[in-house]
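Participant: what's the 3D shape of this:
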Amino acid sequence: MTQTLIEALEAHGLKPPDNIEPGRIHRMPGAGKPASNRAGWCKLFEDGHGAVFGDWSTGLSETWQARKPANDDELTRWREMAEQAQAEAAAQRTERAAKAAQSASDTWAQSTAPDALHGYLVSKQIEAHGIRRHGDDLLVPVYRDGELSSIQTIAPDGSKKFHPGGKIKGGYHIIGKPGERLIICEGYATAASIHEATGQAVVVAFNAGNLKAAAEAIRSKHPDSQITIAADDDRNTEGNPGIEKAREAAQAINAKLATPGTAGDFNDLSAAEGADKVRERIDAAEPVRRRGFSLVPASSLQFKDPDYLIDDLIERDSLAICFGPPETWKSLFSIDALCSIQTGTEFHGRKVKRGRAVYLCGEGFNGIARRLEAWNQKHGIAKADNDLLISNQAAALNDEVLLSGVLAELEQYKPDVVAIDTLARNFGPGDENSTSDMQAFIRACDRIREINGCSVILVHHSGHMDKSRARGNSALKGAADWEFQFERRNETVEVTCTKSKDAERPEPQAFALDIIDIKPGVTSVTLKRAARETAPVNTPKGKHQKAALAMLENLLDLHRENLTAGGHDPNSAKVKLNDWRDACVKDGMPRNRWYEAKATLLAAGEIETTIGGFVHLSGCPVS
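Facilitator: From the prediction side, this is the model:
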């Protein structure tokens, strides 16, 4: 199990220790850092099945699991251990940083004024500005929140290192007195050259990775100053990190961006072309537009033709909702669509673009396996050729710990379509009626869609009292690109598009069950096209009948979810008559009206009662 933890650490650029002992924090170099660096850390839980690790130099904080939690109690215990480990690591870091700051202060106190003929100052053709000397090394102080947190040592040959354990992120050294104008750059020599050429105050951020944090710290202390970020031009390094990190810092604090105009930094420019050229390039700094909000001319916009996985029905990079009451075959419809995409098989007369399909379900494998076998037999597809990917448990998308694992697993396969069946089973912690919880779930779906460029199909229940809308908070429909309502008729289910954000709504379609003998004595079902019926039958007209039926469907729905969670067949769900009655009465229905509604529903064939005082919906027990 620790081998997979080692692989997870290495995937984030960390070099794991030779032996990972459970129950204690291990330290290691941060990503890309030398062996002396101890910014990386990990703690393996006592049970060996989970761990937390991080990298203080990059802000990394991750959880790792050797397996899925066996139950809710274990998941809770893992979260508690993760929080404890993170708190312990943070305490160690704080203690280490405090010791490092004290050690740096002691070294600074023992230092002396630098020699103007120090090898580094001579080679860079700069002066000493607020720095000291300790032995042969120059010392550049690193200040955070007005306190010395570390020091950078510069050897005569130009090699640099920070005092071990000190906090650098957000730290800086200022040359000159800050005023209306401020300049921020990476290294000390660059800052000295700019200050000597312009006379302006210059902030040393020490490296490209700290530019943004240092800039934000300076902006908070000098909110009205005009700030320029003076970038290094790393054009000979892939991605040019000097320019990109400087641009990111400028965008973050609404600053200008200056570049040397040639490979290297402003110290190189000063040595090659003189102080006047440095001043000219600083004065030529341009404002950097923040990424995000902007105004663009309409003429520059380009549209893309719709990319349908199933013609006029399922569009790539979109969110679709399939909702309806229980027993309206939403799951069958979704499995049918996924299998069609996975195998490139026509979907009930519609053309299909073949792609990778994933099914995040909350049901047991046995029922799904039978449905897949029936689908394969009906369409003449060999089992090996329908490699639909199926989750081994519900995804709990509102749980950040579990969501990270789901996203990582999906990203391995880069699916073209992901069906989530049902929303309730894969929702995770929270309340479907809560705006914030539903928005968190939508964000999780968007992350799946954006990372993989795929379609996401949500299988969801209709409202308890209003069957014409999906259950839960209305933010869900607002986020959807497509919405399809499933309604039961006599022997058919009709699927109607109730929302299409950017395309014409397809015509409603009706489906019936197609019974398939998958082996002697064993049958399963798929869907087949059917003629549309004019209207639902046996629909209760009175408000008490509607309310009683909606309450029964709600109770059955909850029972199905409980059965699924316990590993039982959800189609065996039934409700005690007394529980149904009590729920309706508690909801405000007069007791005598419930008895009348029950009698009417029985007479209409909407419900059936069984020995033992149970009740269930009439019709085929296929959801």
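
Participant: which residue ranges of the stretch 451-600 of the chain form helices?
Facilitator: Ranges of helices in the stretch 451-600 of the chain, per DSSP state H, counting those that start in this stretch, are 475-479, 543-565, 577-586, 591-604.

Participant: quick check: which of those helices is buried the most?
Facilitator: Highest mean neighbour count among the helices of the stretch 451-600 of the chain (mean count of other Cβ atoms under 10 Å): helix 543-565, with a mean of 19. For glycine as for every other residue, the C-beta is placed from the backbone atoms N, C-alpha and C.

Participant: ok and that helix relative to helix 577-586, angle-wise?
Facilitator: 130 degrees (axes from the mean of the first three to the mean of the last three Cα atoms, to 10 degrees).

Participant: could I get helix 543-565 in PDB with only the CA atoms?
Facilitator: This file holds the C-alpha atoms of helix 543-565, laid out as PDB (Å, rounded to 0.1, in the frame of the first residue of the first chain):
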ATOM      1  CA  LYS A 543     -55.300  17.800  -4.700                       C
ATOM      2  CA  HIS A 544     -55.300  15.300  -1.900                       C
ATOM      3  CA  GLN A 545     -54.900  12.400  -4.300                       C
ATOM      4  CA  LYS A 546     -51.900  14.200  -5.900                       C
ATOM      5  CA  ALA A 547     -50.400  15.000  -2.500                       C
ATOM      6  CA  ALA A 548     -50.800  11.400  -1.200                       C
ATOM      7  CA  LEU A 549     -49.300   9.900  -4.400                       C
ATOM      8  CA  ALA A 550     -46.400  12.400  -4.200                       C
ATOM      9  CA  MET A 551     -45.800  11.500  -0.600                       C
ATOM     10  CA  LEU A 552     -45.800   7.800  -1.400                       C
ATOM     11  CA  GLU A 553     -43.300   8.300  -4.200                       C
ATOM     12  CA  ASN A 554     -41.100  10.300  -1.800                       C
ATOM     13  CA  LEU A 555     -41.200   7.500   0.800                       C
ATOM     14  CA  LEU A 556     -40.500   4.800  -1.800                       C
ATOM     15  CA  ASP A 557     -37.600   6.900  -3.200                       C
ATOM     16  CA  LEU A 558     -36.000   7.200   0.300                       C
ATOM     17  CA  HIS A 559     -36.500   3.400   0.900                       C
ATOM     18  CA  ARG A 560     -34.800   2.600  -2.500                       C
ATOM     19  CA  GLU A 561     -31.800   4.700  -1.500                       C
ATOM     20  CA  ASN A 562     -31.600   3.000   1.900                       C
ATOM     21  CA  LEU A 563     -31.800  -0.500   0.200                       C
ATOM     22  CA  THR A 564     -29.100   0.500  -2.300                       C
ATOM     23  CA  ALA A 565     -26.800   1.700   0.500                       C
END
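
Participant: could you tell me the angle between the direction of that helix and that of helix 591-604?
Facilitator: Using the same axes, to 10 degrees: helix 543-565 against helix 591-604 is 80 degrees.

Participant: longest strand in this structure, please.
Facilitator: strand 509-519 (DSSP state E).

Participant: just checking, what packs against it?
Facilitator: helix 365-379, strand 493-500, strand 522-530 (3 or more Cβ pairs under 8 Å, 6 or more residues apart in numbering; DSSP states H and E).

Participant: same list, the ones you listed, but as JSON lines with mean neighbour count, distance to residue 207 and mean pLDDT please.
Facilitator: What follows is the helices and strands packed on strand 509-519, written out as JSON lines (neighbours: other Cβ atoms under 10 Å; distance: least, Cβ to Cβ, whole Å; pLDDT from 0 to 100):
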{"stretch": "helix 365-379", "mean neighbour count": "18", "distance to residue 207": "52", "mean pLDDT": "88"}
{"stretch": "strand 493-500", "mean neighbour count": "19", "distance to residue 207": "50", "mean pLDDT": "94"}
{"stretch": "strand 522-530", "mean neighbour count": "17", "distance to residue 207": "60", "mean pLDDT": "93"}
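
Participant: residue 48: which of those is closest?
Facilitator: Nearest to residue 48, of all those, is helix 365-379, at 27.0 Å by Cβ to Cβ.

Participant: after the closest one, next one along is what?
Facilitator: strand 389-390 (DSSP states H and E).

Participant: run the chain-centre distance for that following strand.
Facilitator: 20 Å (Cα atoms, centre = their mean, to the nearest Å).

Participant: other SSEs contacting it?
Facilitator: By 3+ Cβ pairs under 8 Å, 6+ apart, strand 389-390 packs against strand 357-361.

Participant: partner strands of the strand it packs on and their direction?
Facilitator: strand 389-390 (parallel), strand 417-421 (parallel) (DSSP bridges).

Participant: can you dump the C-alpha atoms of the last one in PDB for me?
Facilitator: I take that to be strand 417-421. The C-alpha coordinates for strand 417-421 follow below in PDB (Å, rounded to 0.1, in the frame of the first residue of the first chain):
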ATOM      1  CA  VAL A 417     -19.500  11.500 -21.500                       C
ATOM      2  CA  VAL A 418     -20.100  10.900 -17.800                       C
ATOM      3  CA  ALA A 419     -23.600   9.900 -16.400                       C
ATOM      4  CA  ILE A 420     -24.300  10.400 -12.700                       C
ATOM      5  CA  ASP A 421     -27.100   8.100 -11.600                       C
END
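
Participant: who's in contact with the closest residue to residue 613 other than its chain neighbours?
Facilitator: Nearest residue to residue 613, sequence neighbours excluded (Cβ to Cβ, 6 or more residues apart in numbering): residue 577, at 5.0 Å. Applying Cβ atoms under 8 Å, 6 or more residues apart in numbering, we find residue 577 in contact with 598, 609, 613, 614, 615.

Participant: list just the nearest of these to residue 309.
Facilitator: Using Cβ to Cβ, those come closest to residue 309 at residue 615, 40.5 Å.
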